[in-house]
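Enquirer: whatever this is, show me its structure:
(one chain, ligands or ions: 1)
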Amino acid sequence: MTEQWFSGRTIVITGAAGGIGRACGRAFAKRGGTVIAGDIGDCQSLLEATADAPGEVHAFEVDVREPAALERLVERATTHGGLDVLVNNAGIVARESIEDLAPDRWHDVLETNLTGAYNAVQAAREPLCNSSGSIVTVSSLLSHIGYSDRVAYSASKGGLDAMTRALATELGSEGVRVNAVNPGFIRTEMTQTHLEAGKEDDFREKTTLDRLGEPEDVAELVTFLASDNAAFISGETILIDGGQAVKG
Ligand code: NAI
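Expert: Numbers count the residues shown, from 1 in each chain. Below you'll find the predicted structure:
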């Protein structure tokens, strides 16, 4: 039986209806956690994926660009006895080159990916300090390496990495650990267009392991970082890219 690392603990996950968020929801619920899931979209697939898990899952419609919506989501978590973990996962990608990147698009990506995480941290800070909890943010490999047509996305993820280090420094004295994970290519709805365009082999060959990442690969790292097993890890941004960044 899977160890119940999160029994009696409450976890808020944003973007929980998508590939990585859903896998995180399942991984926490499998380990006994109470998951408070928020997404701008429909979380039905998360509820189905966690139906047999020992932990409870509650899903709500939330837009991370709206601070009040995140405050309500965190309040729902605290009715379950407090908040122990925040997973900042909601995100969108823009694949326009700089000459086609309109200001609206730039702002939308930054507001969702970076300001959305800020909004969630503001809402969650006090209960996380009360529980000496933990924040795990889903950043990206693209905060480390450059890709064409990803200026807004990379900027948002670089901001998340820097925010992770600053928050870890600021909240460490409250016993709150703050870390980020930086995935390479993961097979989700976000990357579906690449797969449909027949680019699976291109992305697979970029890794040292000769495979794409799966959402569960990321969820295992997220749950580890949020657990007591990672009690002395804070301020880290950890690549999970099948070795892509180190391959020459
Ligand atoms: P996904 O598209 O399957 O999931 C993203 C989820 O975020 C969706 O359910 C979407 O509805 C939700 N979302 C978007 N805007 C929102 C908003 N304003 N408020 C609330 N929810 C919102 O994509 P995936 O791959 O699961 O992405 C999850 C995170 O992982 C994102 O932050 C993404 O940037 C990051 N990531 C993904 C990689 C990949 O290759 N799939 C690689 C590196 C990072």
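
Enquirer: next, count neighbours for Arg31.
Expert: 21 (other CB atoms under 10 Å). Using the backbone N, CA and C atoms, a C-beta is placed for each residue, glycine as well.

Enquirer: what does Ser173 give?
Expert: 8.

Enquirer: so Leu73 touches Glu61, yeah?
Expert: No: with contact defined as CB atoms under 8 Å, Leu73 does not reach Glu61; the gap is 9.7 Å.

Enquirer: of the two, who's got more company?
Expert: Ranked by neighbour count (other CB under 10 Å), Leu73 and Glu61 place Leu73 first, with 25 against 13.

Enquirer: quick one: the more buried one from the ligand, how far?
Expert: Using CB to the nearest ligand atom, to the nearest Å, Leu73 is found at 10 Å from the ligand.

Enquirer: now swap in Pro127 and tell me
Expert: 20 Å.

Enquirer: and that residue, what element?
Expert: Element membership for Pro127, per DSSP states H and E: helix 116-131.

Enquirer: common neighbours of Leu73 and Glu61, please.
Expert: Gly38 (CB atoms under 8 Å, 6 or more residues apart in numbering).

Enquirer: list the buried residues for the helix holding Pro127?
Expert: Going by neighbour count (16 or more other CB atoms under 10 Å), the buried part of helix 116-131 is 116-121, 123-125, 127-128, 131.

Enquirer: next helix or strand past it?
Expert: strand 134-138.

Enquirer: give me the sheet partners of that following strand and which way each runs.
Expert: strand 85-88 (parallel), strand 177-183 (parallel) (DSSP bridges).

Enquirer: from the ligand, how far out is the residue most central in space within the chain?
Expert: With distances taken as CA atoms, centre = their mean, Asn89 lies nearest the centre of the chain, 2.6 Å away. For Asn89, the distance to the ligand (CB to the nearest ligand atom) stands at 5 Å.

Enquirer: pLDDT score assigned to that residue?
Expert: Asn89 is assigned a pLDDT of 98 by the prediction.

Enquirer: done for today, thanks.
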